[in-house]
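Asks: coords please:
(chains A and B)
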Amino acid sequence: MAKFLTNRDENYAKWYNDLVIKADLAENSAVRGCMVIKPYGYAIWEKIQAELDRMFKATGHVNAYFPIFIPKSFFSKEAAHVKGFAKECAVVTHYRLKNDENGKGIVVDPTAKLEEELIIRPTSETIIWNSYKNWIHSYRDLPILINQWVNVVRWEMRTRLFLRTTEFLWQEGHTAHATREEAIEETERMINVYADFAENFMALPVVKGYKSENERFAGAIDTYAIEAIMQDGKALQAGTSHFLGQNFAKAFDVQFTDKTGKLDYVWATSWGLSTRMIGALIMAHSDNHGLVLPPRLAPIQVVIIPIYKSSEQLLKINETAKKIKSGLETIGISVKYDDKDNNTPGWKFADYELKGVPVRLAIGPRDLEHSTIEVARRDTLKKETIAIASVNDYVIKLLDEIQSNIYLKANEFRKQNTFYIDKWDDFVDTLNNKGGFIMSHWDGTAETEERIKEETKATIRCIPFDAAEEDGKCIYSGKPSKKRVLFAISY
RNA sequence: CGGGGUGUAGCGCAGCCCGGUUAGCGCAUCUGGUUUGGGACCAGAGGGUCGCAGGUUCGAAUCCUGCCACCCCGACCA
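Replies: Down below sits the predicted model:
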């Protein structure tokens, strides 16, 4: 048990916060609501980026970069969009500072007021569609499949490391298509990419579905999302893909000539996944010993720790350990050999557990004698001693097994915490006592959703794509319903 | 923006109620030594505008006033 970590079952929120700080992923910065992502946390983000970027390119997308500043007038062109983001925008009003005339410090120069104020992007639809207007004239210019990796700013009231910060990093894809069908297909393709990524790389089982009108992206016709369950039973939206229809094309007057020579507005999608995913990773898998990282996302997959008494012993161990390290590296495994002598092996064991390194190898004089090595896996904390000669095969299999075990465990947790509920009292009771995913019938109205939210804090996380057709009655209003939707209290 | 809490060494805290030598403890750091198979031990050392600004007092970390910051709980959200 990690002594320095708050117990997960006693105070989940504090456990999470402790873990982020103590595993050295991030910390609060001098700027209110903004975090410093530290090297170890950023390394995880880089792994996320590398894999997603590969997947985006494999599905035909390219990267580009659009400005962080958006003229205020752009923002007001799409009515729903403005309404959705107006309350959380940072605005640049001046472009110069000067020395304070009273001699102390520096002040904003009032004569340097911007003619038109600039919004710091909370998302980039408007600035991008303003460019697309110039790029698109004919069906031959379509589709445009662009992604960008950037920071965005949303001025939040309350922030939490990774889960909600004023500034965060994400990728946003913005595509333009000739037909409605093609745009919808793209929207679906990308939610599938996200789900695939979440399940296969983050070992995070997700529910894919449609957002209700209330939860939809401001400016979208339809929003698809992947929702994951955290260990405290709350839901976390892990990625979204939006079918924007022709809303932005109309707002920015982006028309093209189709094959028949007719003018039409362009169809759009956008989709995003943020550093919030790191929060999901932590809350879905980690335990009272610290982080548990799925091998495919772990910056360090294997750590080797020497155990020795004399410096002669260390020399011999070094030799063997370095061979093992380079052997593992040649088969594509990332390995750290920690031979620093300022901490004891026990300290290192605890530290790498805190950091979630999937596999730990320990090698001491006893092992050298027998040509063995101790292997410990982070997910189950089980230890075994194996022959050094078999280490490559063993570790590569073990990493795969850990990856799938973490997924299965999370999947089992979700199963155990998904409830099919038909009575309002049970609905309220389950939310109050257990939390979790609740599958219930809903009459499809925004009013009912609103009332449920007011009374229980639960919202419709999504209407699952795979929801079976079945006759039922709305959990709240009793009106007829044809499918169950996913309710939960969310992050 | 409402309600609650906290600001003392890099980190975690005690001291404050009831003002009084040189502000203390644990962790971390540095030096030396012994250690090393699950967060080692001994000895020594360095490190502080007690959040900021005023005030009361012979004397303020301690009392008073104002301000600031951060954390938790609510309304907004990926």
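
Asks: Give me the domain ranges for chain A.
Replies: A:12-285, A:295-405, A:418-488 (automatic domain parsing).

Asks: Count the residues that sit near the residue nearest to residue A:285 when sequence neighbours are not counted.
Replies: Nearest non-adjacent residue to residue A:285, counting by C-beta to C-beta, 6 or more residues apart in numbering: residue A:292, 4.2 Å away. Using the backbone N, CA and C atoms, a C-beta is placed for each residue, glycine as well. By other C-beta atoms under 10 Å, the residues close to residue A:292 number 25.

Asks: Check which helix or strand the most centrally placed residue in chain A maps to.
Replies: By C-alpha atoms, centre = their mean, chain A has its centre lying nearest to residue A:277, at 1.7 Å. Element membership of residue A:277 [criterion: DSSP states H and E] is helix A:276-285.

Asks: is the helix or strand following that helix anywhere near RNA strand B?
Replies: Going down the chain from helix A:276-285, the next helix or strand is strand A:302-306, by DSSP H and E. No: on the criterion C-beta under 7 Å from any atom of the strand, strand A:302-306 is out of touch with RNA strand B, staying 8.3 Å away.

Asks: Just checking: what are the partner strands of strand A:302-306?
Replies: Paired with strand A:302-306 in the same sheet, following DSSP bridges, are strand A:335-337 (parallel), strand A:359-363 (parallel).

Asks: Would you mind finding the longest helix in chain A?
Replies: Ranked by residue count under DSSP state H, the longest helix found in chain A is helix A:391-416.

Asks: What is the helix or strand just after that one packed up against?
Replies: Next in sequence after helix A:391-416, counting helices and strands by DSSP H and E, comes strand A:418-420. Packing contacts for strand A:418-420, counted by 3 or more C-beta pairs under 8 Å, 6 or more residues apart in numbering; DSSP states H and E, involve strand A:437-441.

Asks: Return the distance of the strand it packs on from the chain's centre.
Replies: Put simply, strand A:437-441 sits 24 Å off its chain's centre (C-alpha atoms, centre = their mean, to the nearest Å).

Asks: Also stretch A:471-478?
Replies: 33 Å.

Asks: Name the residues of it that are buried.
Replies: Judged by neighbour count using 16 or more other C-beta atoms under 10 Å, the buried positions of stretch A:471-478 are A:474, A:475, A:476, A:477.

Asks: do stretch A:206-219 as well
Replies: Residues A:206, A:207, A:208, A:209, A:210, A:211, A:212, A:215, A:216, A:217, A:218, A:219 are the ones in stretch A:206-219 that count as buried (16+ other C-beta under 10 Å).

Asks: and the third one, how far is that from RNA strand B?
Replies: Okay, so that is residue A:208. Distance of residue A:208 to RNA strand B, given as C-beta to the nearest atom of the strand, to the nearest Å: 14 Å.

Asks: Indicate the residue of the stretch 201-350 of chain A located nearest to RNA strand B.
Replies: Nearest residue of the stretch 201-350 of chain A to RNA strand B: residue A:346, at 2.6 Å (C-beta to the nearest atom of the strand).

Asks: so that residue, which of the three states?
Replies: helix (DSSP: H, G, I helix; E, B strand; the rest coil).

Asks: picking that back up, tell me the one of the buried residues of stretch A:206-219 nearest residue A:390?
Replies: Proximity of the buried residues of stretch A:206-219 to residue A:390 was ranked by C-beta to C-beta; the top entry is residue A:206 with 35.9 Å.

Asks: How is the residue lying closest to that closest one once chain neighbours are set aside classified with respect to secondary structure?
Replies: Leaving out its chain neighbours, the residue that sits closest to residue A:206 by C-beta to C-beta, 6+ apart is residue A:226, at 3.9 Å. Using three-state DSSP, the structure places residue A:226 in strand.

Asks: Tell me the bridge partners for residue A:226.
Replies: Note on residue A:226: beta-bridge partners by DSSP bridges are residue A:208, residue A:239.

Asks: got a list of what it touches?
Replies: Residues counted as contacts of residue A:226 (C-beta atoms under 8 Å, 6 or more residues apart in numbering) are A:191, A:194, A:195, A:198, A:206, A:207, A:208, A:237, A:238, A:239, A:240.
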